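Visitor: Build me a model from this:
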Amino acid sequence: MIADTSFIIDVMNGDHDAIQKAKLLQPENSPISVTSVSIFEL
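Guide: Residues are numbered from 1 along each chain as shown. Here you go, the predicted model:
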C-alpha cells in the first residue's frame, strides 16, 4: 500500500478510521510505502 499525504496526516492527527486501517495492515505484513511527494508535502 502506498500511503498518501491525507492518510498520513489523518494518522498523525489520531483519526480513528485511519488508525484502524493501519492496524489492519500491520498483521498482514503489508508494507506501507510513502512517496517522496508525500514526504515533501508533510
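Visitor: Which parts of the helix ranked longest in the chain count as buried, going by neighbours?
Guide: Of all segments of type helix in the chain, defined using DSSP state H, the longest is helix 16-25. When burial is assessed from 16 or more other C-beta atoms under 10 Å, helix 16-25 yields the following buried residues: 18, 21-22. Using the backbone N, CA and C atoms, a C-beta is placed for each residue, glycine as well.
Visitor: Leaving out chain neighbours, which residue sits closest to Met1?
Guide: The shortest distance from Met1 to any non-neighbouring residue, by C-beta to C-beta, 6 or more residues apart in numbering, is to Ile32 (5.4 Å).
Visitor: which residues sit in contact with the one you found?
Guide: Listed by C-beta atoms under 8 Å, 6 or more residues apart in numbering, the contact set of Ile32 reads 1-3, 22, 25.
Visitor: Can you pick out the most distant pair from the residues you listed?
Guide: The largest separation in those, counting by C-beta to C-beta, is between Ile2 and Ala22 at 13.2 Å.
Visitor: Could you double-check that Met1 lies in contact with Leu25?
Guide: Yes. Using C-beta atoms under 8 Å, Met1 is in contact with Leu25, at 6.2 Å.
Visitor: hey, where'd the helices end up in this structure?
Guide: Ranges of helices within the chain are 5-12, 16-25, 36-41, based on DSSP H.
Visitor: The longest one - contacts with which helices or strands?
Guide: The elements that helix 16-25 packs onto, with contact taken as 3 or more C-beta pairs under 8 Å, 6 or more residues apart in numbering; DSSP states H and E, are helix 5-12.
Visitor: cool, the last one as well?
Guide: Using 3+ C-beta pairs under 8 Å, 6+ apart as the contact definition, the elements that helix 36-41 packs against are helix 5-12.
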